[in-house]
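Q: After the sequence you'll find the predicted model.
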Amino acid sequence: MVNHAVHVAGGAIQRFHPSPGAEAALVCFPHAGGAANYYRPFSAALRPDIDVLAVQYPGRQNRWAEPLAGTVDQLVDDSVEALGPWAGRPLALFGHSMGAVVAYEVARRLTASGSQPVTLVVSGSRGRDDGRTREVHLRDDDGLMAEIRWLGGTDMRVLEDPEMRSLLLPTLRADYRAVETYRHADGPRLSCPVLALAGDSDPVASPAEMRDWADRTSAQFDLISFSGGHFYLTDHSAAVASVVSDHVRALTR
């Protein structure tokens with residue numbers, strides 16, 4: 001039986017609006033430097049039709065005392081273990097930016113173990129490793145902050161506070177190290193549908209670049225774009241929630 005407590009597996013799964021009667025659960029993976037709370041509005045918009053399980057990576061918020069993960073593989077290991085209580089329940093996976101990479105690798109892991117997800121929804125992440133910059137995690141603090149400022153989506157006033165900066169920058173650096181040292185390993189393509197969501201002016205992953213996710217699945221692939229940059233999701237949370245809800249419900253009815 002699934003444990004319906006909000007905090008499960010040491011707090012690795014956060015359920016802000018538990019919906020145990022939902023036909024499917026949507027597992028949400030945060031971006032670099034992000035935390036489970038980013039998906040609280042998403043969870044509110046999707047309840048009660050979809051039960052949102054927001055992944056909390058180690059080293060932040062309620063897991064602040066745990067060591068930060070250094071690789072995508074470690075994030076995947078942690079996430080798969082945390083999802084154990086939901087084994088056998090229909091799961092859809094959603095990831096934004098770095099979270100898309102983690103969600104994809106979790107989907108591969110679950111599929112290999114015989115628990116194929118209902119669908120994979122990826123956002124703000126290129127579907128192909130094209131050798132672009134992998135040195136952000138090697139920059140000094142000012143260089144790292146410049147990258148965050150360029151992407152937008154972060155209140156820079158938070159990082160202007162020395163105490164907050166000392167807490168947040170190590171997390172950002174560890175996440176960038178994880179995603180920048182990630183290399184895609186050859187293997188079977190996913191056999192679940194993939195839905196790609198993109199901001200039409202995203203400098204990191206344009207709609208055209210996100211079409212490469214079609215190569216990661218042997219099933220249906222769809223792409224939907226929204227106005228905005230890398231964090232278009234923040235401005236269009238309700239619209240994105242509606243698209244994801246329709247997509248997941250169509251696959252689980």
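A: Okay, I see it.

Q: which residue ranges form the helices in the stretch 51-200 of the chain?
A: 72-82, 98-112, 141-151, 156-160, 162-180 (DSSP state H, counting those that start in this stretch).

Q: Surely Leu110 is in contact with Arg89?
A: No - if you go by Cβ atoms under 8 Å, Leu110 and Arg89 don't touch, sitting 11.6 Å apart. For every residue, glycine as well, the C-beta is placed using N, CA and C.

Q: which of those two has more neighbours?
A: Neighbour count, other Cβ atoms under 10 Å: between Leu110 and Arg89, Leu110 has more, with 21 against 17.

Q: residues touching that one, list them.
A: 80, 83, 91, 116-117 (Cβ atoms under 8 Å, 6 or more residues apart in numbering).

Q: So how do I select the buried members of those residues in PyMOL?
A: Command for PyMOL that selects the buried part of those, burial taken from 16 or more other Cβ atoms under 10 Å:
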select buried, resi 83+91+116+117
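
Q: In stretch 110-121, which residues are buried?
A: 110-111, 115-121.

Q: Need these in a markdown table (columns: distance to Glu180 and pLDDT).
A: Output for those, formatted as a markdown table (distance: Cβ to Cβ, whole Å; pLDDT from 0 to 100):
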| residue | distance to Glu180 | pLDDT |
| --- | --- | --- |
| Leu110 | 25 | 97 |
| Thr111 | 25 | 97 |
| Ser115 | 29 | 94 |
| Gln116 | 29 | 95 |
| Pro117 | 26 | 97 |
| Val118 | 30 | 97 |
| Thr119 | 27 | 98 |
| Leu120 | 22 | 98 |
| Val121 | 23 | 98 |
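
Q: from those, which is closest to Ala45?
A: Val121 (14.4 Å; Cβ to Cβ).

Q: May I have the beta-bridge partners of the closest one?
A: Beta bridges link Val121 to Phe94, Leu195 when assigned by DSSP bridges.

Q: Can you give me every residue that contacts it?
A: Shown in contact with Val121 (Cβ under 8 Å, 6+ apart): 92-95, 103, 194-197, 244, 247.

Q: Could you do Gly88 as well?
A: Ser115.

Q: try the one 5 residues further on
A: With contacts defined as Cβ under 8 Å, 6+ apart, Leu93 is in contact with 26-27, 29, 103-104, 106-107, 117, 119-121.

Q: Let's see that with 10 Å instead.
A: 25-29, 53, 55, 79, 83, 99-100, 102-104, 106-107, 110, 117-122, 192, 194 (Cβ atoms under 10 Å, 6 or more residues apart in numbering).

Q: Quick check: PyMOL command selecting the buried ones in the residues you listed.
A: To isolate the buried members of the contacts of Leu93 in PyMOL, using 16+ other Cβ under 10 Å:
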select buried, resi 25+26+27+28+29+53+55+79+83+99+100+102+103+104+106+107+110+117+118+119+120+121+122+192+194
